[in-house]
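K.L.:
Structure, please.
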Amino acid sequence: MKFLTAVILSAFSLGVFAQNGEMFTKAKEHILSNLDKRISWLQEQKTCTAAATDQAGIKACRDAHQAKVQTLKGENESFKSGMKAEKMGRKKKN
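P.N.:
Below you'll find the predicted structure:
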């Protein structure tokens, strides 16, 4: 839930950077892609948890999900850094 809140907040914060159509489109595509990934991963976690026969199985499902979420967080940081660099580059041109 915290991660979903972070994704939503980052969507709003990216709105500040998305002053022109190109940056807005890139940010929007990135956000929608992340949401699709999260939905898919949550479905996988639900299926895995439902199939678990003991506590260790549930923990394995959760650990697998958390690993995917951590990967996505790293991708988001890289994306945000790239967007900031692009914004700064545009400011220098003006």
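K.L.:
And what about the residue most central in space within the chain, helix, strand or coil?
P.N.:
Residue closest to the average C-alpha location in the chain (CA atoms, centre = their mean): Asn34, at 4.2 Å. Three-state call for Asn34 (DSSP: H, G, I helix; E, B strand; the rest coil): helix.
K.L.:
again, but for Cys61
P.N.:
helix.
K.L.:
OK, contacts around the nearest residue to it once chain neighbours are set aside?
P.N.:
Of all residues not flanking Cys61 in the chain, Cys48 sits nearest, at 3.8 Å (CB to CB, 6 or more residues apart in numbering). For the C-beta atoms, the positions are set from N, CA and C on the backbone; glycine is no exception. Contact partners of Cys48, counting by CB atoms under 8 Å, 6 or more residues apart in numbering, are Gly57, Ala60, Cys61, Ala64, His65.
K.L.:
Buried only: go through these for me.
P.N.:
Applying 16 or more other CB atoms under 10 Å to the contacts of Cys48, the neighbour count classes Cys61, His65 as buried.
K.L.:
quick one: what helix or strand has the residue nearest to Cys61 in it?
P.N.:
According to DSSP states H and E, Cys48 maps onto helix 21-51.
K.L.:
Lowest-scoring secondary structure element of the chain by mean pLDDT?
P.N.:
helix 2-17 (a mean of 58; mean pLDDT, DSSP states H and E).
K.L.:
Run the chain-centre distance for whatever helix or strand Lys87 lives in.
P.N.:
In this assignment (DSSP H and E), Lys87 forms part of helix 55-93. Centroid displacement of helix 55-93 relative to its chain, using CA atoms, centre = their mean, to the nearest Å, is 6 Å.
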